[in-house]
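>>> got a predicted structure here, sequence first:
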Amino acid sequence: MFSADDIQRRVRQQPFVPMRIVTSSGQSYDIPHPDLVMVGRRHLIVGTASTENPTQFDHESRVAILHVTDLQTLPAAPAAPGANGPA
């Protein structure tokens, strides 16, 4: 079982590592950016990334922390051309 503090720690990890939140119903939510999840005491507000800007959401879901069963690491998205770092 996860607490709000556990999830918040994972969201604030530096550097952020994309993750998947899995619930007891089997529903999962991919979090490619930390701006897409808000952690409350009992619930998460999880945003579905916009296609125009993946750091903004189009829709949101409310998830009871009590039902979060797993926090999985997702592979990092490939860097955009022209981004800093090795080519």
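Looks like it arrived, so ask away. Numbering: from 1, shown residues only.

>>> for the rest of this, base every contact and every neighbour count on C-alpha atoms.
OK.

>>> what helix or strand does Asp6 sit in?
helix 4-12 (DSSP states H and E).

>>> quick one: contacts of that helix?
34, 37, 39-42, 65 (CA atoms under 8 Å, 6 or more residues apart in numbering).

>>> repeat that for 7 Å
Residues outside helix 4-12 that contact it (CA atoms under 7 Å, 6 or more residues apart in numbering): 34, 39-42, 65.

>>> which of the residues you listed fall in strands?
Val39 (DSSP state E).

>>> can you say which of the contacts of helix 4-12 are buried?
34, 39, 65 (16 or more other CA atoms under 10 Å).

>>> going by distance to Ser28, which of these wins?
Closest approach between the buried ones among the contacts of helix 4-12 and Ser28, by CA to CA: Ile65, at 12.9 Å.

>>> residues contacting Asn54?
For residue 54 the amino acid is Pro, not Asn. If you count contacts by CA under 7 Å, 6+ apart, Pro54 has none.

>>> cool, Leu44 as well?
Residues near Leu44 by CA under 7 Å, 6+ apart: 37-38, 62-65.

>>> tell me the secondary structure for it?
Following DSSP: H, G, I helix; E, B strand; the rest coil, we place Leu44 in the strand state.

>>> so which strand or helix has the closest residue to it other than its chain neighbours?
Leaving out its chain neighbours, the residue that sits closest to Leu44 by CA to CA, 6 or more residues apart in numbering is Val63, at 5.0 Å. According to DSSP H and E, Val63 maps onto strand 57-64.
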